[in-house]
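Novice: Next input, structure requested:
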Amino acid sequence: MPIVQEALTHCQKSEDFDAYKIPLLMKQRDELDGQLREQSETPYTHDYDSLMAAETEVADCVSLPSTHPLYILYTSGTTGAPKGVVRDQGGTAVGLDWCMANVFNVHKDSVHFAGSDIGWVVGHSFIVYGPLIRGSACVFYEGKPVLAPELGGAKVMWERCEKYKVTSLYMAPTAVRVIKKEDHPGTAVKEFDLSSLQTLSLVGERCDPDTVKWIYKHLPHVIINDTWWQTETGWPIAANLVDLKVWGKVLPTLPGSVTRPVPGYNVEVFNDENESVAAGELGKVVIKMPLPPAFMLSIWGRNEAFIEKYLAETPGYYTTGDAGMIDENGYLHIMTRMDDVINTAGHRISTGRLEEVINDHESIVESAVVGYNEPLRGECALAFCVLSNEANRGLTEQGFNKLKKEINTKVRADVGAFASLFGIIFMEKLPKTRSGKILRGTMRKIANC
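Specialist: Next up is the predicted model:
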């Protein structure tokens with residue numbers, strides 16, 4: 001692993017990182033003026049407005065090694081303690097330029113809109129660095145568009161796409177589900193001119209097939225590009241290639257799949273003994289070394305933890321921590337985190353598969369399934385479900401009970417009797433991180449406390 005070793009050797013030079021004292025710029029809002037400033041008096045903290053108003057000289061450009069750290073970004077921490085991912089400058093530029101062009105079909109005449117938090121990795125890669133490197137126009141939106149009060153979540157995304165003639169839209173499945181919850185019939189979509197929109201790419205949570213079908217129904221002219229990647233990778237591991245006709249054409253979207261691994265990623269699926277599994281069999285998803293440009297260099301200040309967490313379990317491979325399968329056509333399906341695989345009645349069940357079946361019910365917008373430790377039966381599946389506004393309106397207790405029975409019957413029919421749900425709990429919304437990932441680990445702990 002010469003590439004990784006070189007990166008680790010660079011990161012181990014503590015005197016290098018000690019010199020990277022990146023200032024913290026704080027933008028004061030009227031509602032919180034003074035509060036953050038009082039709590040953050042450090043030598044590297046500056047008030048944004050004061051700094052911009054000051055008469056300062058423009059700094060000269062400085063040449064740096066391509067392996068010089070570009071930024072440190074902490075993961076959302078849904079699976080444990082947050083980790084400071086270190087990314088380099090040269091590799092990031094190469095990886096994002098190629099990705100913007102070939103995965104998203106974004107060029108100088110494009111308008112790219114990623115409806116994400118700029119502080120998340122999507123914001124870094126595909127709101128700031130990627131579009132700037134590619135030379136395309138990019139729409140910045142402060143906050144979460146689907147929560148905008150002026151138009152409502154069901155309209156604000158479409159209004160921005162019409163206003164700025166967006167060609168490439170990137171959003172989380174969670175955001176689509178918020179829109180679908182408020183506007184299940186898709187009435188709001190028809191109010192805006194979305195003819196400029198060519199692609200709608202998805203990122204964050206696994207996108208269930210029902211959500212993909214909803215998009216196709218109301219935006220039939222767009223290419224749906226479901227992508228899978230991590231903060232650690234910096235850009236998609238698997239996706240459709242909208243502009244690179246490697247297979248002679250853009251591959252058909254398969255609901256529930258992230259299509260195929262992109263060039264640079266050799267993805268395999270292993271069992272617990274680190275042996276390749278058969279097509280269609282669930283296992284742990286790994287990536288063969290070496291890793292492509294823009295991949296993380298290490299975990300900030302914890303090189304040993306980087307090796308232990310990502311490399312030690314599967315020698316010669318990067319351990320993604322996700323469970324999935326590769327079907328007979330080479331399509332990759334990411335089902336859930338490895339920690340969320342439920343062992344019940346002698347069967348290993350992906351919570352993602354259960355959620356896929358539950359979400360296919362016409363009344364359900366989204367769901368989260370966690371393992372519940374029942375004293376007699378052992379680990380069982382417990383489902384938390386969100387209803388569409390239309391289905392929830394005027395539903396009686398008898399109606400809820402009927403709905404629970406329908407969902408459980410559907411799960412038993414589509415997955416098997418062994419997958420019968422121990423319980424179904426209806427919620428107004430599911431707990432999530434700022435990036436839209438469902439906090440299944442937290443929900444599992446609460447259910448079992």
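Novice: May I have the longest helix belonging to the chain exported as PDB, CA atoms only?
Specialist: Ranked by residue count and defined by DSSP state H, the top helix of the chain is helix 397-414. Output of helix 397-414 as PDB, limited to C-alpha atoms (Å, rounded to 0.1, in the frame of the first residue of the first chain):
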ATOM      1  CA  GLU A 397     -57.300   4.600  15.700                       C
ATOM      2  CA  GLN A 398     -59.100   1.900  13.800                       C
ATOM      3  CA  GLY A 399     -57.500   3.200  10.600                       C
ATOM      4  CA  PHE A 400     -54.000   3.100  12.200                       C
ATOM      5  CA  ASN A 401     -54.500  -0.500  13.300                       C
ATOM      6  CA  LYS A 402     -55.700  -1.500   9.800                       C
ATOM      7  CA  LEU A 403     -52.600   0.300   8.300                       C
ATOM      8  CA  LYS A 404     -50.300  -1.600  10.600                       C
ATOM      9  CA  LYS A 405     -51.800  -4.900   9.600                       C
ATOM     10  CA  GLU A 406     -51.500  -4.000   5.900                       C
ATOM     11  CA  ILE A 407     -47.800  -3.100   6.300                       C
ATOM     12  CA  ASN A 408     -46.900  -6.300   8.200                       C
ATOM     13  CA  THR A 409     -48.800  -8.400   5.700                       C
ATOM     14  CA  LYS A 410     -46.800  -6.700   2.900                       C
ATOM     15  CA  VAL A 411     -43.500  -7.400   4.700                       C
ATOM     16  CA  ARG A 412     -44.300 -11.000   5.200                       C
ATOM     17  CA  ALA A 413     -45.300 -11.500   1.600                       C
ATOM     18  CA  ASP A 414     -42.400  -9.600   0.000                       C
END
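Novice: need the strands for the stretch 101-250 of the chain, in chain order.
Specialist: Along the stretch 101-250 of the chain, the stretches classed as strands by DSSP state E, counting those that start in this stretch are 111-114, 137-139, 168-171, 199-202, 223-226, 238-239.
Novice: Name every strand pairing with the next helix or strand after the longest helix of the chain and say which way it goes.
Specialist: Sequence-wise, the next helix or strand downstream of helix 397-414 (DSSP states H and E) is strand 421-427. Paired neighbours of strand 421-427 in the sheet (DSSP bridges): strand 378-387 (parallel).
Novice: returning to that earlier point: now do the longest helix of the chain and strand 421-427, the angle between them.
Specialist: Per axes from the mean of the first three to the mean of the last three Cα atoms, to 10 degrees, the angle that helix 397-414 makes with strand 421-427 is 130 degrees.
Novice: Same question for helix 397-414: list its buried residues.
Specialist: 403-404, 407-408, 410-411 (16 or more other Cβ atoms under 10 Å). Bear in mind the C-beta positions are built from the backbone N, C-alpha and C, glycine included.
Novice: Identify each buried residue in stretch 415-424, please.
Specialist: 415, 419-422, 424.
Novice: what's around Gln28, how many residues?
Specialist: Neighbours of Gln28 under the rule other Cβ atoms under 10 Å: 15.
Novice: same question, Val139
Specialist: 19.
Novice: how about the nearest residue to it, chain neighbours excluded?
Specialist: Phe113 (3.9 Å; Cβ to Cβ, 6 or more residues apart in numbering).
Novice: Check Pro82 too.
Specialist: Tyr74 (4.3 Å).
Novice: Please report the distance of that neighbour from Gly84.
Specialist: Using Cβ to Cβ, to the nearest Å, Tyr74 is found at 5 Å from Gly84.
Novice: Which pLDDT value belongs to Tyr20?
Specialist: pLDDT for Tyr20: 44.
Novice: returning to that earlier point: so for the buried residues of stretch 415-424, which is the shakiest by pLDDT?
Specialist: Ala419 (82).
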